[in-house]
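A.B. asks: Give me the fold of what follows.
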Amino acid sequence: MTQLTVPRRCVQGTCITLIVACAALAQPASAQHQGHESMSSMPMDTLATAPVSPSRAVTDSAVVADSLLQICRPHVAHSIDAYSTCIGDGIASLSSAGNIALAMGTLDRIVHSDPSLILLGHPLAHALGYAVRSTPSTATRFLSECDDRYQSGCYHGILQRYFDARLGMPIAQSFLLAPCDGLRGTKEQFRLFDCLHGTGHGLMMYHRYDVNASLRDCDRLTSDWDQRSCYSGVFMEHNMGARMQVFGDGTFGMHRHSMPAPNVVLFKPSDLQYPCDATPARYRRECFELQADLILPAVQQDYRKASAVCDGAGEADLVSACYVGLGRNASGAAAFQFAGIRKRCDLASPAGVPYCYEGAVRHLAYAPSELPRGVAFCKSLPAGDARARCWDGIGLQVGGFFSDLPSRRRACESDDASDVAACVEGAGVGSGARVEVRDLPHQ
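C.D. replies: This next block holds a predicted model:
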């Protein structure tokens with residue numbers, strides 16, 4: 001192991017010496033998801049667990065962040081993938097030792113110090129989550145140490161490792177349900193959604209990108225809402241694999257997911273609606289909400305051409321779902337900047353523009369802490385169908401964040417009555433029955 005010893009630094013009166021491993025860390029993230037090599041060497045992974053007590057103070061994050069940046073910045077000369085992999089290895093070594101909060105705090109400081117990493121915040125959070133080994137008895141606890149920063153990458157990584165480590169062994173019903181069931185009955189409905197979504201990611205890892213097998217396991221969950229939250233994770237993982245396999249996306253940008261086997265068909269250049277058009281009807285909406293992830297690279301990021309593909313999705317519900325995904329991509333490609341989102345969405349067909357804005361705002365307001373950003377975007381739009389659909393998107397997010405109606409109403413407050421009306425409709429406040437969470441994942 002190559003190490004760099006950073007000079008003693010003082011934090012709040014306490015001097016420490018930080019040693020950061022540079023080439024091979026204690027839990028090498030560079031091996032994550034690469035054909036499951038790391039899993040094959042630890043068949044009892046699901047019977048082991050990361051330390052449950054942190055060994056480092058969260059206040060160490062400034063020192064760790066500065067040290068990692070010092071070590072990793074030279075890798076920029078090679079590629080952004082090499083740079084981000086170096087950063088990911090460092091924060092993963094912290095979380096694998098039980099220091100999940102310190103790893104998240106370090107990531108915060110790194111991203112704020114180097115804004116070029118802002119769009120890699122989610123895969124970096126994924127890496128620190130994947131480094132955590134959990135069991136049915138500890139998974140919920142570790143998930144609760146994550147939060148919704150960086151489009152909830154920490155949750156997703158923990159769940160991927162949880163299922164990936166089960167490779168070659170059956171998934172008992174108790175094992176399938178254990179991580180997320182511990183989050184039920186709390187006010188943190190969004191955390192429950194992220195757990196179920198992460199389960200979909202993990203099942204794809206377990207089934208080596210067999211979508212149908214993964215969806216069947218999602219159907220073993222106990223409610224329609226649970227199952228659909230899981231489907232979204234399955235299709236997102238499918239698309240990540242396709243983008244590595246076909247479009248050559250960097251392994252870190254794709255969360256270091258395992259490279260699919262060459263004989264697994266994840267993309268058909270002659271059919272840009274595949275796999276959605278080959279999927280049973282029950283799963284198609286969740287599939288089409290993510291299909292823009294494959295359409296856009298296939299048409300060289302031409303939003304006008306992508307719009308034409310969405311228009312051919314068939315049923316109106318599926319067309320709108322495809323446009324919602326197009327809006328999510330517009331938000332990511334624009335690095336959350338409102339002008340860039342409008343520039344891309346306005347290339348859609350007239351019927352698709354409002355749904356593109358809905359998808360964009362649901363990406364902007366992906367988590368409860370990001371609601372103000374989404375509200376600001378909707379308020380920046382002129383009155384009309386696009387603004388109403390934008391506020392409906394805010395409502396859909398609010399409905400997923402809060403289980404009680406008073407909290408949903410408060411989150412929909414605005415000076416404009418028409419904005420409030422669209423938001424509360426999306427949030428299901430009128431009927432008191434609808435809680436709709438559809439994944440609008442990260443870029």
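A.B. asks: biggest helix in the protein by residues?
C.D. replies: Using DSSP state H to define each element, the chain has its longest helix at helix 224-245.
A.B. asks: Now do the buried residues in that helix.
C.D. replies: 225-245 (16 or more other Cβ atoms under 10 Å). Bear in mind the C-beta positions are built from the backbone N, C-alpha and C, glycine included.
A.B. asks: Show me the shaky parts of this structure.
C.D. replies: Residue ranges of the chain with pLDDT under 70: 1-50, 52, 186-188, 249-259, 261, 430-443.
A.B. asks: what are the ranges of the strands in it?
C.D. replies: Listed in chain order, the strands of the chain (DSSP state E) span 3-11, 14-21.
A.B. asks: What's the separation between the closest residue to residue 163 other than its chain neighbours and residue 311?
C.D. replies: Excluding the flanking residues, the one nearest residue 163 by Cβ to Cβ, 6 or more residues apart in numbering is residue 202, at 3.1 Å. Applying Cβ to Cβ, to the nearest Å, the value for residue 202 to residue 311 is 34 Å.
A.B. asks: More neighbours: which of these two?
C.D. replies: For residue 202 versus residue 311, the count of surrounding residues by other Cβ atoms under 10 Å is larger for residue 202: 30 against 15.
A.B. asks: Show the contacting residues for the more buried one.
C.D. replies: Residue 202 makes contacts with 159, 160, 161, 162, 163, 164, 233, as judged by Cβ atoms under 8 Å, 6 or more residues apart in numbering.
A.B. asks: Now, of the residues you listed, which are buried?
C.D. replies: 159, 160, 161, 162, 163, 164, 233.
A.B. asks: Could I get the contacting residues of the closest residue in space to residue 413 that isn't next to it in sequence?
C.D. replies: Using Cβ to Cβ, 6+ apart and skipping the chain neighbours, the partner closest in space to residue 413 is residue 420 (6.9 Å). Residues in contact with residue 420 (Cβ under 8 Å, 6+ apart) are 391, 412, 413, 414.
A.B. asks: could these go into CSV alongside distance to residue 194?
C.D. replies: Formatted as CSV, the contacts of residue 420 follow (distance: Cβ to Cβ, whole Å):
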residue, distance to residue 194
391, 24
412, 22
413, 25
414, 27
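A.B. asks: who wins for most neighbours among these?
C.D. replies: residue 391 (30 neighbours).
A.B. asks: Go ahead and confirm it touches residue 417.
C.D. replies: No - at 11.1 Å, residue 391 and residue 417 do not qualify as touching, with contact defined as Cβ atoms under 8 Å.
A.B. asks: Could I get the contacting residues of the spatially closest residue to residue 346 that is not a sequence neighbour?
C.D. replies: Take residue 346 and drop its neighbours on the chain: the residue closest to it by Cβ to Cβ, 6+ apart is residue 353, 6.4 Å away. Listed by Cβ under 8 Å, 6+ apart, the contact partners of residue 353 are 345, 346, 385, 386.
A.B. asks: what about 7 Å?
C.D. replies: Applying Cβ atoms under 7 Å, 6 or more residues apart in numbering, we find residue 353 in contact with 345, 346, 386.
A.B. asks: Please narrow those to those residing in helices.
C.D. replies: 345, 386.
A.B. asks: which of the contacts of residue 353 count as buried?
C.D. replies: 345, 386.
A.B. asks: out of the contacts of residue 353, who's nearest residue 428?
C.D. replies: residue 386 (21.7 Å; Cβ to Cβ).
A.B. asks: Please report how far that closest one lies from residue 180.
C.D. replies: Here the criterion is Cβ to Cβ. By it, residue 386 lies 35 Å from residue 180.
A.B. asks: cool, and residue 163?
C.D. replies: Using Cβ to Cβ, residue 163 is found at 12 Å from residue 180.
A.B. asks: Residue 408 now?
C.D. replies: Distance, residue 408 to residue 180, by Cβ to Cβ: 22 Å.
A.B. asks: the more surrounded of the two?
C.D. replies: Neighbours were counted for residue 408 and for residue 180 using other Cβ under 10 Å; residue 180 has more, 26 against 23.
A.B. asks: List the residues that contact that one.
C.D. replies: Listed by Cβ under 7 Å, 6+ apart, the contact set of residue 180 reads 192, 195, 196, 199.
A.B. asks: rerun at 6 Å
C.D. replies: 195, 196 (Cβ atoms under 6 Å, 6 or more residues apart in numbering).
A.B. asks: Please tell me how far it sits from residue 428.
C.D. replies: Relative to residue 428, residue 180 is positioned 21 Å away (Cβ to Cβ).
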